[in-house]
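Enquirer: Provided below for reference: sequence and predicted model.
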Amino acid sequence: MGLSDKLDELREPGRTGSDLKKLGVPEDWRPRMDIDSEKGGFLIGSPRPAGEEADATSILEEFGLNPTQWTVTSLRQGKWQKFDGEYLESIRVNVIPATAAMSDEVDVADLIKDIKKWKPPKAVKKSTGGGAFLVVPSDQQLGKKANGQGSAQSVNRILSLTGKAVERFNALKKAGIAPGIIVLALPGDHVEGNTSQNGRLQGLAASDLGLTEQVRVARRLLLAQIKAFAPLVGRVIVPVINGNHDEVTRQVAADPADGWNVEIAASVQDICAENPELSHVEFRYPS
């Protein structure tokens, strides 16, 4: 390089425009990690061409984290279009330490034992008046973990509210209002299930009970509720429908009357049929 070339090089101001490379990636979806060793946090993976598969494990490994040490609680997917028309996608992975997820596990035997030990307020003489007393335990979603609460808290809350319903019935009777029928309506989502949100809520990350455990606990909880109301009236009616969490599958078109809420109630119906003291309990299902 001659002196004149060096002079020209020194004379030039340098690069023009911005030194920043335009990636066309929205601020919210730029790769980053924000993790607390005790509470967990989130990771956003590098953008990939639309349709290119990426899972939580690959995102964790991208940031040098061991997938076995973290439990995924939820996934969020973003998609946007670049200036050249190409679409990119990225995934946000929310995680907690695996040890924290394990500490939230529920002992099903203890849970069922608590249900068996629970007793409703003392029963009174059966009411035979007109009208009906309506109890609607809806959206119980047994097995779900959220906001630091889980199945144990759900069961305790449901049993407590059942006891308050019995107290309310007795108070109405003392006030001269004595319905002869109690309707224990089950309008769906008795269990968390495995179909809601495309199955993303399965596993210890969002559920502290497996599916069969959810059904078992729900069945025994429903029986406890029926036993609480049956001594109060001459007739108990249990109408049942399924909710979206009660769906058995979404892989094929299925009969909407075929679901976990119906199965739970049908199992309890069989139990009631074997007990003369529960012979006045009736069940109603979708046609």
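Expert: Nice, I can see it.
Enquirer: please pull out the lowest mean pLDDT helix or strand from the protein.
Expert: helix 98-103 (a mean of 57; mean pLDDT, DSSP states H and E).
Enquirer: where do the strands of the stretch 1-150 of the chain begin and end?
Expert: Secondary structure of the stretch 1-150 of the chain (DSSP state E, counting those that start in this stretch): strands at 32-36, 40-44, 48-49, 70-81, 87-97, 129-135.
Enquirer: please identify which of those strands is closest to residue 218.
Expert: strand 129-135 (15.8 Å; Cβ to Cβ). All C-beta spots, glycine's among them, are computed from the backbone N, C-alpha and C.
Enquirer: contacts for that closest one?
Expert: Under the contact criterion Cβ atoms under 8 Å, 6 or more residues apart in numbering, strand 129-135 has outside partners 162, 165, 169, 172, 177-185, 225, 229, 233, 237.
Enquirer: quick one: buried residues of it?
Expert: Residues of strand 129-135 classed as buried by neighbour count (16 or more other Cβ atoms under 10 Å): 133, 135.
Enquirer: for residue 191, see how far away residue 155 is.
Expert: 12 Å (Cβ to Cβ, to the nearest Å).
Enquirer: overlap in contacts, these two.
Expert: In contact with both residue 155 and residue 191: residue 142, using Cβ under 8 Å, 6+ apart.
Enquirer: higher neighbour count, these two?
Expert: residue 191 (29 against 23; other Cβ atoms under 10 Å).
Enquirer: longest helix in the chain, by residue count?
Expert: helix 151-174 (DSSP state H).
Enquirer: now the angle from that helix to strand 129-135?
Expert: 160 degrees (axes from the mean of the first three to the mean of the last three Cα atoms, to 10 degrees).
Enquirer: tell me which strands and helices helix 151-174 is in contact with?
Expert: For helix 151-174, the contact count by 3 or more Cβ pairs under 8 Å, 6 or more residues apart in numbering; DSSP states H and E identifies helix 108-117, strand 129-135, strand 179-184, helix 211-229 as packing neighbours.
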